[in-house]
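1. Just need the structure, nothing else, for what follows:
(chains A and B)
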Amino acid sequence: MKVQCLKGFRDYLPEEMLQKDRMLQSVQQVFERHGYPPLMTPALEYSEILLGKYGAEGEMLLYRFRDNGDRDVALRYDLTVPLARVLAEHGEITMPFRRYQIAPVWRAEKPARGRFREFMQCDADLIGADSAAADAEMLVIGAAVMKELGLDGYKLRINHRGILSALCRLAGLGTDGEAAFLRLLDKLDKIGADSFRDQVAELPGIDTGGVEKVLETVLAEGGESRQMLQMLQQALASDPEAQSSIDRLTGVLDLVEAAGVSEFCHVDPSIARGLSYYTGLVYETYLDALPGFGSVMSGGRYDGLVGMFAGKDLPAIGISLGIDRLFAAMKEMDLLEQRSQPAEVLVVLFSTELAAASFEVASKLREAGISTVVYPQEAKLKKQLQFAQRAGIPYVIVIGEEEHRQGTVGLRSMDQGNQQEIPIAEAIDLIRSALQSDAR
RNA sequence: GUGGGUGUAGCUCAGUUGGUUAGAGCGCCAGUUUGUGGUAUUGGAGGUCGAGGGUUCGAGCCCCUCCUCCCACCCCA
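-> Numbers count the residues shown, from 1 in each chain, chains lettered A, B, ... in the order given. Take a look at the predicted model:
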C-alpha cells in the first residue's frame, strides 16, 4: 500500500491550519459585519440538481457516483447552486435574503499551482434585489475581506454580461458564436491582438470591421474605469441593451466610490467568466504579485438560476473567495504569521508527585483566559524548555519542589530568558498584561 | 485531458563513462550538564534510490509502463 493522499487533495498540518483558521475567522468576521448570517448545506446533492448549471466543461468536473441506495449523487461543485436549491425548497425564506457559507467544494480538474480538487469557498450572496446597490455591496464586501486579510496589491476586474453580448453583436455574431468569441476575448491579453484576429476570423458570420471596433475599445489606453465606460458607450451607442448595462456599471461605480474602495475596482470588458449562469455584473480578482495564480475571488449576478428550481426568477448576486488558493498565494508571498501552537504558556510537569500542582496552576491560567498546556509526561527540564522554545510558546511556568514548598511558581519568559519566583496570581497578571500589549 | 520536465534520508540536494557495505548540510534522538531552552561539542537512528517490469556478470545511473510533483495549454476559487 502506498500511503498518500489523493491527487489534488491536501493535508493542512497544525501550523498551517492555525494560519488558515485565522484567515477564515477574518473572512467570517467581515461577512457578519456586513450583516450576513451563515448557512450550511450538505456536501452531496442529487446529481440532477447540479446538472445543466455549469456548462458542458463544468459538468465533466463533477464528482458523480451512485450511493449505497443507488441514488445518482454528486459532490457540490460550488456553493451557489446549493443555495438556489435551498431558496426553492424553503418557501418560508423572505426577501431580501443574505447569507454566507464557508465550506469545501470539489472539482475533478487537473491540479496545478494554486488549484486543488478539494478547496474551501467563502461565499456571500444577496438574493431578491436587482439593483446597483446590491451589485456594489458585493464589491464592497470583497474589498473589505482583502483589507482584513492585509492585502492591498490586487485588482477587482469588473464587467457586465450585457456588454459582452453587445460586443458579440458588434462583431456580427449571434448567440451561437458567443461562447467561442468570449473565450478568445478573455485570453486577449495573453495571446495578443494579432492572434485574436486570426482565431476570431474562423468563427461563422464574423464581421471583421466589427472585430476591429471591439479591439479598439477593449485595448483602449488608460484603462481607467470611467474612460472605459465612455469608450463602450461610443462603440455600442446603437445597441439599446448595452446602454442599460453601461448605466448599471456607472451606478455601481458611483456607490463603490462612495464606499471608498473604487481604487481596487477596474472596468475590464475582457472579463468573461466561464460559469454559464451569470446574467449581469461579473468580476474576478487578481493579485498584482501573482497574476498567474488565477482569480482568488470572483462572482457575479445570476438572476435566472433560482428560477431553474423555483419556477420563477429571483434576482441574485454573490461573491466567492477561494481561501485555499489565497492561502497558497499568501504563503508564497510570505505574508503568513508563523506559530505552531495556540498555547501562550507551558506549565512544566516536574515529577509525577508534583503533577497535581501543575494541573492546579494550569486550570487557574485557563480560567484567566490564557491558553495553557501542561507538558504531558515527566521529562528533564531542559527538554520541556526546548519544547516550549520550538513550539513558540512565549511563557513557561516552572513548579518544582522549591516552588511548591514556598507557594510560588517560576515564571520564565522565553524571549527574554529571565525567570522570577512569584505567587501564581501575580504571574497570571503579568502574563495577561504582557499578552495584551503584544496584541496591540 | 495534451505537450515538456521531475522524483535519492523528515527537508534541501550530491552521487563521476553502469562496478563492492549510497553521501553531505540542515532537522531529529541521546550524552557532555540527575532544577533550566536558543550556543558549543560528542555519538546515534533514519533510504526496498517514486512503483513495477526489462537489458546486463552487475542498475540510483540505460530501456518500457504506471504514479507523483512542477511548467505551459485549457479552465477556474
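2. hang on, A:V145 in a helix?
-> Yes: counting by DSSP: H, G, I helix; E, B strand; the rest coil, A:V145 is part of a helix.
3. That one contacts A:Q25, doesn't it?
-> No: contact criterion CB atoms under 8 Å: A:V145 and A:Q25 do not qualify, at 11.8 Å. C-beta coordinates here come from the backbone N, C-alpha and C atoms, glycine included.
4. so how far is RNA strand B from A:P111?
-> Distance of A:P111 to RNA strand B, computed by CB to the nearest atom of the strand, to the nearest Å: 6 Å.
5. Setting aside sequence neighbours, what's the nearest residue to that residue?
-> Closest residue to A:P111 in three dimensions, ignoring its sequence neighbours and counting by CB to CB, 6 or more residues apart in numbering: A:G8, at 3.8 Å.
6. who's in contact with that neighbour?
-> A:108-111, A:115-118 (CB atoms under 8 Å, 6 or more residues apart in numbering).
7. Spatially central residue for chain A, please.
-> In chain A, the C-alpha closest to the average C-alpha coordinate belongs to A:L321, at a distance of 2.3 Å (CA atoms, centre = their mean).
8. Which positions in the stretch 51-200 of chain A make contact with RNA strand B?
-> Residues of the stretch 51-200 of chain A found near RNA strand B, taking CB under 7 Å from any atom of the strand as the criterion, are A:57, A:78, A:107, A:109-117, A:119, A:121, A:183, A:186-187, A:190-191.
9. on that earlier part again, from the contacts of A:G8, which ones fall inside helices?
-> In this view, these have no member that belongs to helices under DSSP state H.
10. Double-check that A:G8 belongs to a strand.
-> No: with three-state DSSP as the criterion, A:G8 is located in coil rather than a strand.
11. pLDDT of the host helix or strand of A:V361, averaged?
-> If you go by DSSP states H and E, A:V361 is part of helix A:355-367. Mean per-residue pLDDT for helix A:355-367: 96.
12. on contacts alone, who are the packing partners of it?
-> Using 3 or more CB pairs under 8 Å, 6 or more residues apart in numbering; DSSP states H and E as the contact criterion, the neighbours of helix A:355-367 among helices and strands are strand A:345-347, strand A:372-374, helix A:424-439.
13. which other residues reach it?
-> With CB under 8 Å, 6+ apart as the test, helix A:355-367 has contacts from A:345, A:347-350, A:372-375, A:397, A:399, A:404, A:409, A:424, A:428, A:431.
14. Indicate whether that helix makes contact with RNA strand B.
-> No: with CB under 7 Å from any atom of the strand as the criterion, RNA strand B is not reached by helix A:355-367; the gap is at least 11.4 Å.
15. How far does that helix sit from its chain's centre?
-> Computed by CA atoms, centre = their mean, to the nearest Å, the chain-centroid distance of helix A:355-367 equals 39 Å.
16. quick one: A:I397 is in a strand?
-> Yes: with three-state DSSP as the criterion, A:I397 is assigned to a strand.
17. I'd assumed A:L349 was in contact with it.
-> No: between A:I397 and A:L349 there is no contact under CB under 8 Å: 10.6 Å.
18. List the buried residues in stretch A:397-416.
-> Of all the residues in stretch A:397-416, those buried under the rule 16 or more other CB atoms under 10 Å are A:397-399, A:403-404, A:408-412, A:414.
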